[in-house]
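what's the 3D shape of this:
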Amino acid sequence: MDIQAMIPPALAAVQNYILNHDSKEASLLSDLLDPVPGALPPTEQNFGSLAQGPARRAEKSCANAFWDQVAQEMWESYQSIMAEREELTFEE
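So this is what the prediction gives:
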């Protein structure tokens, strides 16, 4: 975790370096930077806030359904890759 905690500041430092020393790269990012930080209405800024107390049943159900969907898609992708590899083995 100690190393992971250093990644965001390191990436910010890299971005600052690029913005200071590479004008071409900086011009590409100009549309991504917020020209007026903090000017968004509070409802649009309110992301990532913590809820009070543990997750409710509906939230857990939604998260579990999403988890199952992702797992199913990963399994299907894995099966497809394994089938392709098997076909390649038989063709050789």
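
Helices of this protein, residue ranges please.
Defined through DSSP state H, the helices belonging to the chain, from first to last, are 2-21, 23-29, 42-45, 57-91.

Could you dump those helices into JSON lines with mean pLDDT added?
Formatted as JSON lines, the helices of the chain follow (pLDDT from 0 to 100):
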{"stretch": "helix 2-21", "mean pLDDT": "84"}
{"stretch": "helix 23-29", "mean pLDDT": "64"}
{"stretch": "helix 42-45", "mean pLDDT": "52"}
{"stretch": "helix 57-91", "mean pLDDT": "88"}
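
Of those, which is nearest residue 51?
Evaluated with C-beta to C-beta, the helices of the chain place helix 57-91 nearest to residue 51, the distance being 8.2 Å. Every C-beta, even on glycine, is put in place using the N, C-alpha and C of the backbone.

residues touching residue 22, list them.
The neighbourhood of residue 22, defined by C-beta atoms under 8 Å, 6 or more residues apart in numbering, contains no residues.

and it, what pLDDT?
pLDDT, residue 22: 72.

any idea how far it lies from residue 15?
Residue 22 sits 11 Å away from residue 15, going by C-beta to C-beta, to the nearest Å.

outside of stretch 63-82, which residues touch it?
By C-beta under 8 Å, 6+ apart, stretch 63-82 touches residue 55.

quick one: buried residues of it?
Of the residues in stretch 63-82, none is buried under the neighbour-count criterion (16 or more other C-beta atoms under 10 Å).

May I have that stretch exported as CSV, CA atoms only?
Only the C-alpha atoms of stretch 63-82 are listed here, as CSV (Å, rounded to 0.1, in the frame of the first residue of the first chain):
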residue,chain,number,x,y,z
ALA,A,63,-23.3,-4.7,-6.8
ASN,A,64,-23.6,-8.5,-6.7
ALA,A,65,-25.5,-8.5,-10.0
PHE,A,66,-22.8,-6.3,-11.6
TRP,A,67,-20.1,-8.6,-10.1
ASP,A,68,-21.8,-11.7,-11.6
GLN,A,69,-22.2,-10.0,-15.0
VAL,A,70,-18.5,-9.1,-15.1
ALA,A,71,-17.5,-12.6,-14.0
GLN,A,72,-19.7,-14.1,-16.7
GLU,A,73,-18.3,-11.9,-19.4
MET,A,74,-14.7,-12.8,-18.2
TRP,A,75,-15.6,-16.5,-18.3
GLU,A,76,-17.0,-16.3,-21.8
SER,A,77,-14.0,-14.4,-23.0
TYR,A,78,-11.7,-17.0,-21.4
GLN,A,79,-13.6,-19.8,-23.0
SER,A,80,-13.4,-18.1,-26.4
ILE,A,81,-9.7,-17.6,-26.1
MET,A,82,-9.1,-21.2,-25.1
